[in-house]
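**Student:** got a predicted model here, sequence first, then my questions.
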Amino acid sequence: MADLIVIGGGLGGYCAALRAAQRGKKVTLIEKKKLGGTCLNVGCIPTKALLYSSGLYAKTRHFEELGLSLDGVGFQWPKVLEYKSSIVSRLTGGVEILLKKSGVEVVKGTARFTGPKVVEVEGREYSAPHVLLATGSQPAMLPFLKGLPKSKVITSDDVFELPALPKHLTVIGAGAIGIEIGSVMARFGAEVHIVEIMDQILPKSDKEQAKALTKLLKKQGLKVHTSTAVVGVVEKGEGLEVTIKEGDVESSFSTDLLLASTGRIPLTQELNLGAAGVTTDPKGFVKTDEKFFVNGWLLAVGDVRGGKLLAHKAVHEGLYAMENLYGDGNRRVIEDALIPDVVYSEPELASVGLTEEEAKVLYGEQVKIGRFPLMANGRSLIQREAEGQMKVVFGEGKLVGASLLAPAAGEMIAGIGAMVGAKMDYHRVEEVIFPHPTVAESIGEAFMNAFGEALHTVNR
């Protein structure tokens, strides 16, 4: 009998399995589809592969300004997908090898509880003193879209198998997934509409930065509609007719393909949780305590327990859950504010900690905001990527948040997160020496700008 059963082989599940195995535990991991889960197969990794291909293609349009010449530049969608698949296969294959070498038993099939601590997979029962749920989530589908042909209405899971690119794409929902996939299609020549019912894209992001990114997306050719509702979608010829309403004004346009990008729902329906004595909230999420325990024998991590539905959050929850279960007894919890968010747009928008709006609620007049425009940064100008800004937030003299709209912002945000987590004050952060010339040195200028000491921009 195993010491631990892990249900779900995505990042949260397989990383937890590896950590438990490192602690000398016998682990059985159950996965009904492919190891790596959403992130490796139909999420983070394939999306970024398409963003990389499309981003390089888009940059070639400006090569002449750099003194370079290219003849006959184009793209082949099947080859783009082939490149994406090669990366996915390499990573998922690596996960399989790691689990095998770590002694983790991998069982393929759908897990279903038949009682506390007991699950059935394809007619065979498995039991263990502890079970970890890491089943993840799937795209939500708006009810009024369910009657339309699946060839014309897709979710993010379907993008990576499209036989051909659409000439017109409509995205419902301006979250990270909608913006990233919309950007890919626009770079490859599609006309893209992004429709968001809230008053800004990325509704939980810093308002100033979201507004700036909206302008840049429009400049890149995407048609972004905020404070706008989709009030009708009907088949029309070989495509669809979409009717939107902004305020009191309705308008319609035709589209070849519609992408529903309006959130995700937990994958708990097939688990038969009632047999294990477990209930979910109205949305299907499993409730845990801050140490990831549902009860004395059951734990849950990742998307299935709600909160921010992010792969890196799932990884750390899986690791911390195993430390809480098998470690030294020290309490391992995650502070949600310190989990970085990254949107892989052009430029990227990465944030951690509090937004300006959130900080003002907590600290009132004791908030100081520092900004630095990339147009004043030498490296950004050299790379023709000077549209964006670094923004940092101080509360009562301590760094409490940051929002970076910059190339490779996602590569820089973890360092800022460490500073926020350490509650560093201005005198500490100004001691950080950023190399020159880099995009990152703009962060240091933003720190100084918050206190009226920036050198390469006007302090206001």
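**Tutor:** The structure has been received and is ready for your questions.
**Student:** CA atoms for contacts and neighbours, from now on please.
**Tutor:** Will do.
**Student:** which residues lie in contact with the residue positioned nearest the centre of the chain in this structure?
**Tutor:** Geometric centre of the chain, nearest residue: Leu310, 5.2 Å, by CA atoms, centre = their mean. Contact analysis of Leu310 by CA atoms under 8 Å, 6 or more residues apart in numbering lists Gly302, Asp303.
**Student:** quick check: the nearest residue to Val352 once chain neighbours are set aside vs Pro129, distance?
**Tutor:** Leaving out its chain neighbours, the residue that sits closest to Val352 by CA to CA, 6 or more residues apart in numbering is Pro340, at 4.6 Å. Using CA to CA, to the nearest Å, Pro340 is found at 34 Å from Pro129.
**Student:** what of Ser89?
**Tutor:** 33 Å.
**Student:** would you map the strands across the stretch 301-450 of the chain?
**Tutor:** 341-343, 348-353, 367-373, 389-395, 398-406 (DSSP state E, counting those that start in this stretch).
**Student:** strands paired with the first one, and their directions?
**Tutor:** Looking at strand 341-343 with DSSP bridges, its paired strands and their directions are strand 348-353 (antiparallel).
**Student:** ok, residues contacting the partner strand?
**Tutor:** Strand 348-353 is contacted from outside by 205, 209, 213, 337-343, 400-410, 413, 416-417, 420, using CA under 8 Å, 6+ apart.
**Student:** still on that earlier bit, compare Pro340 and Pro129 (neighbour count), which wins?
**Tutor:** Neighbour count, other CA atoms under 10 Å: between Pro340 and Pro129, Pro340 has more, with 21 against 15.
**Student:** ok, that one touching Ala414?
**Tutor:** Yes - in this structure, Pro340 is within contact of Ala414 by CA atoms under 8 Å, at 7.0 Å.
**Student:** domains of the chain?
**Tutor:** What automatic domain parsing lists as the domains of the chain is 4-139+265-336, 143-262, 347-450.
**Student:** end-to-end on the longest one?
**Tutor:** Spelled out, that is domain 4-139+265-336. 27 Å.
**Student:** and that domain, how far from the chain's centre?
**Tutor:** Its chain's C-alpha centre and that of domain 4-139+265-336 lie 13 Å apart, by CA atoms, centre = their mean, to the nearest Å.
**Student:** kindly report the same for the shortest one.
**Tutor:** Chain-centre distance of domain 347-450: 20 Å, with CA atoms, centre = their mean.
**Student:** start at 679 instead
**Tutor:** In the new count, where the first residue is 679, that last one comes out as domain 1025-1128.
**Student:** give me the mean pLDDT for it.
**Tutor:** Per-residue pLDDT over domain 1025-1128 has a mean of 97.
**Student:** in the chain, which helix has the most residues?
**Tutor:** As assigned by DSSP state H, the longest helix anywhere in the chain is helix 755-779.
**Student:** ok, residues contacting it?
**Tutor:** Residues from elsewhere that reach helix 755-779 (CA under 8 Å, 6+ apart): 692, 695-696, 712-714, 718-719, 723-724, 727-728, 731, 783-784, 838-839, 841-843.
**Student:** just the buried residues out of those, in ChimeraX syntax.
**Tutor:** Selecting the buried subset of the contacts of helix 755-779 in ChimeraX, with 16 or more other CA atoms under 10 Å as the burial test, is done by:
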select :692,695,696,713,714,718,719,723,724,727,728,731,783,784,838,843
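**Student:** mind listing which of the contacts of helix 755-779 are in helices?
**Tutor:** Residues of these located in helices (DSSP H): Tyr692, Ala695, Leu696, Leu718, Asn719, Ile723, Pro724, Ala727, Leu728, Ser731.
**Student:** the residues you listed: which two are farthest apart?
**Tutor:** Spatial extent of the ones in helices among the contacts of helix 755-779 (CA to CA) is set by the pair Ala695 and Ser731 at 33.1 Å.
**Student:** where does the chain dip in pLDDT?
**Tutor:** Residue ranges of the chain with pLDDT under 70: none are present.
**Student:** so which bits of stretch 1062-1075 are buried?
**Tutor:** Of all the residues in stretch 1062-1075, those buried under the rule 16+ other CA under 10 Å are Glu1063, Ala1064, Glu1065, Gly1066, Gln1067, Met1068, Lys1069, Val1070, Val1071, Phe1072, Gly1073, Gly1075.
**Student:** for the residues you listed, give me a markdown table that also has distance to Thr966.
**Tutor:** Output for these, formatted as a markdown table (distance: CA to CA, whole Å):
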| residue | distance to Thr966 |
| --- | --- |
| Glu1063 | 43 |
| Ala1064 | 44 |
| Glu1065 | 42 |
| Gly1066 | 39 |
| Gln1067 | 38 |
| Met1068 | 36 |
| Lys1069 | 34 |
| Val1070 | 33 |
| Val1071 | 31 |
| Phe1072 | 32 |
| Gly1073 | 31 |
| Gly1075 | 35 |
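**Student:** quick check: the farthest pair among those?
**Tutor:** Largest pairwise distance in these, by CA to CA, is 31.1 Å, between Glu1063 and Gly1075.
**Student:** tally of neighbours for the nearest residue in space to Thr904 that is not next to it in sequence?
**Tutor:** Excluding its sequence neighbours, the residue lying closest to Thr904 (CA to CA, 6+ apart) is Glu874, at 4.8 Å. Residues lying near Glu874 (other CA under 10 Å) number 25.
**Student:** check contacts around Glu874.
**Tutor:** Contacts for Glu874 (CA under 8 Å, 6+ apart) come out as Ile850, Gly851, Ala852, Val902, His903, Thr904, Ser905, Thr906, Ala907.
**Student:** please apply the same query to Phe970.
**Tutor:** Residues counted as contacts of Phe970 (CA under 8 Å, 6+ apart) are Leu977, Ala978, Val979, Glu995, Ala999.
**Student:** kindly report the same for Gly867.
**Tutor:** The neighbourhood of Gly867, defined by CA under 8 Å, 6+ apart, consists of Lys845.
**Student:** my read: Thr921 touches Glu913, true?
**Tutor:** No - counting by CA under 8 Å, Thr921 stays clear of Glu913, with 11.6 Å between them.
**Student:** this completes my enquiry, with thanks.
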